[in-house]
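here is my input; please provide its structure:
(chains A and B)
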Amino acid sequence: MVIYTINRIIQLIPVLLMLSIIVFSFVHFLPGDVIDVLAGEEDLQDPEVRAALEKEFGLDKPIYVQYLVWLGNVLHGNFGKSLVTRRPIALELFDRIPATMYLALVSIAIAMVISIPLGTLAAVKRNTFVDYIAQTTSLFGISIPEFWFAIMCILLFSLYLGWLPSSEYYSPLDNFGKSIKHLILPAVAIGFRQAAYTTRLTRSSMLDEVSREYVDTARSLGLPERKVIYKYTLRNALIPTLTISGIQLYQLLGGTVVIETIFAWPGIGRAIFEAIVARDFPLIQAGVLVLGTFAVTINLLVDLMYRVLNPRVRLT
Amino acid sequence: MARTIFEAEAAREYDLHTPTLKTHVTRYWQGLKNATFELYKSKTAFIGAVMLLILFVTCIITPYIDRYSPVQQNYRKLLQPPSAEHYFGTDRYGRDIWSRVLWGGRRLIVISLLAVLFGITLGVPFGALSGYYGGWMDAVGMRLVDAWLAIPGLLLYLLIVTVAREWKLEGIWIDMTLIFALGIAYVPQVARLVRGSVLAEKEKEYVEASRIIGESNLYTALRQILPNCISPIIVHGTIRLGLDLLIIAALSFLGLGSPPPTPDWGADLALARDHMETKPLIAVFPGLAIAYAVFAFNLFGDGLRDILDPRLVDR
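Okay, the predicted model is just below:
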């Protein structure tokens, strides 16, 4: 296990390097001079100013040196300055991470609370009314656009019924009640969609498990059905669900852009979206790199967790 | 008449290897008949197929059933409710929503079809060769795939669309960018999927047989192994078509898809959002259109999986 972990961490290095190359080259695909892009002011006419800026950004050096310098800076947490606010990008981004994390974790929790019982129920009562309802609802859930569902939620719960606020974020540390109230709609809007995926997954992996021999053995030993299902089968069937939930978590870190925009949620996805609108390229670059690194790390953790939960994988 | 038994044998063998046009036709006809029967048997696939058929036919006959131009504005008829004249009502600029939904669908479905094709064309050889040859090629290829997949959610599309916006592209090139973005994001997923099935197929006897006969590596990989790995790609691709529609809708909703007058479901929804309190009906139709199309692709994909994966038959 330790060797495997170390191995995986070593394998992470080339992935991160390639990710950094993709992100680094992004600025170079933009039209015009890199100076226009990085300095944020177009058509700098004065050649002396240009030369000074070139020197400041290190653009007079060959491209691989530029890359290495940039990489060195990034590793020291120095992403440069935002073109819009002129604050260091690291601050700009790390301010936003808690909001996104909070939203993503709660949505995944909502998704799991809905999907695990529903998926199990659908599999246990296969080909009954309950199963069909669960299947159709979840298929419908993955078919409707997330933002449409979110808008409909706002329409119903904020405008017509007036139960819940439709935007803004409050830190749970400052004001827990208010924070939860503002969290419910966005978290449900994301959670329902994720639940639709995991319900389908739980159902099919549950069906896979039920047809295994150990289930027959348990039944023939006279164990009550409830115990067979909930104590033995479910445990094995949940492994893929947990894995996918982990993957969903990292997808959500970058995938909540739309929901964060609708609900005015000050998360990292929205920061990147705002940067795109404001043409703040260094911020976009840093944002994608940070989220990508998060993604790779979470992916690794999920893989390791998978091996802890499922000792059979270790043998192969 | 003096053919030896060996020559006759050889001739027969030759026949076996190069079927005439007629055998080709009968074989495909038989295959098609089987496929239709299988479709008919599976409830999900059948409903999905019918829904898709309606969708495609509507897209094809769009020029004959639209009532107005999708971009024609009419300031005397703003935000009207559905009526005999405007089936789905009109939007903020007095444009006919029925026509916009139709033309938008035509455009979106062509884009997502091309995007999936693009992804498959690049991803299949990538994954197949990576899985077949293994070694350092596989290692490098898969690390590249990992890095590509590490960019979560919408961010990759956002990156590509941002670059495209800066180049101030116009007309068809905006659609091309979308196709490129969606396609290139699909490549690593296809590659991984194909690589997985190739690895599983590689160990089977027929591959060994092909090698013993003396077929070249490339021939074995592409003509023997690949056809056996095709069904997961078909299923995955069908479902991806629906997902592409959702991604385009999300991008357009953010205002990063197509520029304003172009009919587009996501952009229309974004417009409708401003009138949500007073005229919620405007938001309903483009939303329903997306839901219908994606649902059809998902249902058909699910049904296909049941048909193509015999392991799941008695579910």
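
what does the stretch 51-200 of chain A put close to chain B?
The stretch 51-200 of chain A comes close to chain B at residues A:126, A:139-140, A:142-148, A:151-152, A:154-155, A:159, as judged by C-beta under 8 Å from any C-beta of the partner chain. Using the backbone N, CA and C atoms, a C-beta is placed for each residue, glycine as well.

let's go with 7 Å and repeat that
Proximity of the stretch 51-200 of chain A to chain B, by C-beta under 7 Å from any C-beta of the partner chain, involves residues A:Leu139, A:Phe140, A:Ile142, A:Ser143, A:Ile144, A:Pro145, A:Phe147, A:Trp148, A:Ile151, A:Leu155, A:Leu159.

let's see which of the residues you listed end up in helices.
A:Leu139, A:Phe140, A:Ile142, A:Ser143, A:Phe147, A:Trp148, A:Ile151 (DSSP state H).

what's around the closest residue to the first one other than its chain neighbours, how many residues?
For A:Leu139, ignoring the flanking residues on the chain, the nearest one in space by C-beta to C-beta, 6 or more residues apart in numbering or on different chains is B:Asn298 at 5.7 Å. By other C-beta atoms under 10 Å in any protein chain shown, 22 other residues sit near B:Asn298.

can you pull the contacts of B:Asn298?
Taking C-beta atoms under 7 Å, 6 or more residues apart in numbering or on different chains as the criterion, B:Asn298 is in contact with A:Leu139, A:Ile142, A:Ser143, B:Ile239, B:Gly242.

one step back: can you say which of the ones in helices among the residues of the stretch 51-200 of chain A next to chain B are buried?
A:Leu139, A:Ile142, A:Ser143, A:Phe147, A:Trp148, A:Ile151 (16 or more other C-beta atoms under 10 Å in any protein chain shown).

chain neighbours aside, what residue packs nearest to A:Gly287?
A:Gly287 sits nearest to A:Ile272 (C-beta to C-beta, 6+ apart), 4.1 Å away.

in the chain, where is pLDDT below threshold?
Reading this off chain A. Scanning chain A for pLDDT under 70 picks out A:32-47, A:53-54, A:56-60, A:254-255, A:310-316.

that's the wrong chain, I wanted chain B
For chain B (pLDDT under 70), the answer is B:1-20, B:153, B:309-315.

go again with 90.
Chain B contains residues with pLDDT under 90 at B:1-52, B:55, B:57-108, B:123-182, B:184-240, B:242-291, B:298-315.

which residue is nearest the middle of it?
In chain B, the residue lying closest to the centroid (C-alpha atoms, centre = their mean) is B:Leu241, at 3.6 Å.

for the residue of the stretch 1-150 of chain B found nearest chain A, give me its contacts.
Residue nearest to chain A within the stretch 1-150 of chain B: B:Ala147 (3.6 Å; C-beta to the nearest C-beta). The contact partners of B:Ala147, by C-beta under 7 Å, 6+ apart, come to A:Val15, A:Met18, A:Leu19, A:Ile22.

got the residues of chain B near chain A?
B:143-144, B:146-147, B:150-155, B:158-159, B:162-163, B:166-167, B:242, B:246, B:249-250, B:253-254, B:269, B:273, B:276-277, B:280, B:283, B:287, B:290-291, B:294-295, B:298-299, B:315.

quick one, longest helix in chain B?
helix B:97-133.

buried set for that one?
B:97-109, B:111-112, B:114-116, B:118-120, B:122-132.

what's the answer for stretch B:155-169, then?
Per 16+ other C-beta under 10 Å, stretch B:155-169 contains these buried residues: B:Leu155, B:Leu156, B:Tyr157, B:Leu158, B:Leu159, B:Ile160, B:Val161, B:Thr162, B:Val163, B:Ala164, B:Arg165.

neighbours of the nearest residue to B:Ala115 once chain neighbours are set aside, how many?
The shortest distance from B:Ala115 to any non-neighbouring residue, by C-beta to C-beta, 6+ apart, is to B:Leu182 (3.6 Å). Neighbourhood size, B:Leu182 [other C-beta under 10 Å]: 26.

what residues of the helix or strand harbouring B:Leu182 count as buried?
Using DSSP states H and E, B:Leu182 maps to helix B:172-202. Of the residues in helix B:172-202, B:174-175, B:177-195, B:197-199, B:201 count as buried by neighbour count, 16+ other C-beta under 10 Å.

same question, stretch B:77-92
In stretch B:77-92, counting by 16+ other C-beta under 10 Å, buried: B:Lys77, B:Leu79, B:Gln80, B:Pro82, B:His86, B:Tyr87, B:Phe88, B:Gly89, B:Thr90, B:Asp91.

same check on stretch B:140-157?
Within stretch B:140-157, the residues that qualify as buried are B:141-157, counting by 16+ other C-beta under 10 Å.

that older thread, which other helices and strands contact the host helix or strand of the residue nearest to the centre of chain B?
Using DSSP H and E, B:Leu241 sits in helix B:230-253. Using 3 or more C-beta pairs under 7 Å, 6 or more residues apart in numbering or on different chains; DSSP states H and E, the elements in contact with helix B:230-253 are helix B:97-133, helix B:155-166, helix B:172-202, helix B:265-273, helix B:281-308.

could I get these as JSON lines with distance to A:Ala187?
Formatted as JSON lines, the helices and strands packed on helix B:230-253 follow (distance: least, C-beta to C-beta, whole Å):
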{"stretch": "helix B:97-133", "distance to A:Ala187": "29"}
{"stretch": "helix B:155-166", "distance to A:Ala187": "21"}
{"stretch": "helix B:172-202", "distance to A:Ala187": "26"}
{"stretch": "helix B:265-273", "distance to A:Ala187": "20"}
{"stretch": "helix B:281-308", "distance to A:Ala187": "21"}
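
B:Lys41 is nearest to which of those?
Nearest of the helices and strands packed on helix B:230-253 to B:Lys41, taken as C-beta to C-beta: helix B:281-308 at 8.2 Å.
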